[in-house]
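Asker: coords please:
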Amino acid sequence: MRQAALPFARRFLIPTDGGPASAAAARLGLRLARAMGASVLAVSVVDPQVARGYAAADLLRYDVRAAAEAQARGAVEAVARQARTMGVRCRTVVRHGPVPATLLAEARAYRAGLLVMGTRGHTGLKRLVMGSVATAVAAKAPCPALLVPPAARVRRGRKRS
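Answerer: Down below sits the predicted model:
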């Protein structure tokens, strides 16, 4: 595929939480970005609700928030390291806020042409109770969204002669 074939896809937004589903989506997103000459913004969101529910002292809440911030920073840095090895331009950002709304705002601000995001594959009651961040984001995304399911396998294509 050439860039002219998909002119919208010059900027990819790749949300990550550092988990296996996000890692699989990042690998695919970076391969697509390299093939299309796109740049990438790797973003992780720290939900301010992360410490809610803890009845302990503020120190505990601080530690939980600090741990969430460190995890988010590590997640985007892992994507950036992989992008560097692939020769893909990549910026990183960690934001704070409700995850779906924050990702949507970041996609608009970055003027993303494609959002590449992992799904965890929850079904039934677990999905009903927890919801699906990926589905919520894709439903309102300002650009096409590629949702990568947990069982997806990316095969290497054959080089053309």
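
Asker: Arg81: neighbour count?
Answerer: Other residues near Arg81 number 11, with proximity taken as other CB atoms under 10 Å. C-beta coordinates here come from the backbone N, C-alpha and C atoms, glycine included.

Asker: what separates it from Leu30, distance-wise?
Answerer: Distance of Arg81 to Leu30, computed by CB to CB, to the nearest Å: 11 Å.

Asker: Repeat that for Asp63.
Answerer: Using CB to CB, Asp63 is found at 32 Å from Leu30.

Asker: Over to Val116?
Answerer: 9 Å.

Asker: Repeat that for Ala42.
Answerer: According to CB to CB, Ala42 stands 9 Å off from Leu30.

Asker: Can you check which residues contact both of the two?
Answerer: Listed as contacting both Ala42 and Leu30 by CB atoms under 8 Å, 6 or more residues apart in numbering are Ile14, Val79, Ala83, Cys90.

Asker: Turn these into JSON lines, including secondary structure, neighbour count and pLDDT.
Answerer: Compiled in JSON lines, these are given as follows (DSSP: H, G, I helix; E, B strand; the rest coil; neighbours: other CB atoms under 10 Å; pLDDT from 0 to 100):
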{"residue": "Ile14", "secondary structure": "strand", "neighbour count": "30", "pLDDT": "97"}
{"residue": "Val79", "secondary structure": "helix", "neighbour count": "28", "pLDDT": "98"}
{"residue": "Ala83", "secondary structure": "helix", "neighbour count": "23", "pLDDT": "98"}
{"residue": "Cys90", "secondary structure": "strand", "neighbour count": "21", "pLDDT": "98"}
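
Asker: Quick check: Gln71 touching Ser22?
Answerer: No: if you go by CB atoms under 8 Å, Gln71 and Ser22 don't touch, sitting 11.4 Å apart.
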